[in-house]
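Engineer: return atomic coordinates for the entry below.
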Amino acid sequence: MQEQARGPLALADDVIRAETGRDSASWYIMLDAGGARQLNHGQIVDLLARVYNLDDRWAGIIAVRYEAARAIDREVAVPADLVAAMLFKSAARIRFEQLPRHEQRSLIFWLDETSGSERRARISELLARLQREGSG
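Structural biologist: Residues are numbered from 1 along each chain as shown. The predicted structure follows:
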């Protein structure tokens with residue numbers, strides 16, 4: 001059974017339109033016109049926040065979705081707590097490393113929406129899911 005997607009890639013386009021005033025395709029065209037293919041992830045987020053007045057959360061969501069839609073494959077900074085959690089979970093680590101980078105970034109974004117005990121619970125959920133997928 002396929003697990004439900006998490007993070008920015010799981011959002012329906014009607015949610016994007018309702019929250020940002022534009023659909024994904026419109027954002028991608030605007031970002032292409034602004035030279036976003038040559039920018040790193042943080043610079044895309046900054047561009048969306050500075051030029052289009054999106055708050056940091058929605059700028060991050062649009063940036064993740066844009067990079068996925070345009071198949072932009074850049075290094076992903078994996079948070080230290082996730083690295084530590086995967087240290088002795090080799091199947092989960094290997095599966096995470098095999099994911100396309102935009103999926104890695106989407107999962108990290110999903111983790112970063114929380115903190116404390118909820119973040120730890122999400123990390124545990126993610127590791128369990130990755131281990132199941134890695135063994136299948």
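Engineer: alpha carbons only for contacts and neighbour counts from here, please
Structural biologist: Will do.
Engineer: tell me what the helix or strand harbouring Leu31 is packed against?
Structural biologist: Counting by DSSP states H and E, the element that carries Leu31 is helix 24-33. Under the contact criterion of 3 or more CA pairs under 8 Å, 6 or more residues apart in numbering; DSSP states H and E, helix 24-33 touches helix 13-20, helix 56-69.
Engineer: now this protein, which segments are flagged as low pLDDT?
Structural biologist: Within the chain, the ranges that satisfy pLDDT under 70 run 1-5, 134-136.
Engineer: show me the residue at the heart of it, geometrically.
Structural biologist: What sits nearest the mean C-alpha location of the chain, by CA atoms, centre = their mean, is Ser106, with 1.6 Å.
Engineer: for the helix holding Leu31, C-alpha coordinates in CSV please.
Structural biologist: The C-alpha coordinates for helix 24-33 follow below in CSV (Å, rounded to 0.1, in the frame of the first residue of the first chain):
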residue,chain,number,x,y,z
SER,A,24,1.7,26.5,-9.5
ALA,A,25,2.1,26.9,-13.2
SER,A,26,1.9,30.7,-12.9
TRP,A,27,4.6,30.7,-10.2
TYR,A,28,6.9,28.5,-12.3
ILE,A,29,6.6,30.8,-15.3
MET,A,30,7.3,33.9,-13.1
LEU,A,31,10.3,32.1,-11.5
ASP,A,32,11.7,31.1,-14.9
ALA,A,33,11.4,34.7,-16.0
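Engineer: show me what the longest helix along the chain is packed up against.
Structural biologist: In the chain, assigned by DSSP state H, the helix with the most residues is helix 116-135. When contacts are defined as 3+ CA pairs under 8 Å, 6+ apart, helix 116-135 packs onto helix 80-86, helix 90-98, helix 101-112.
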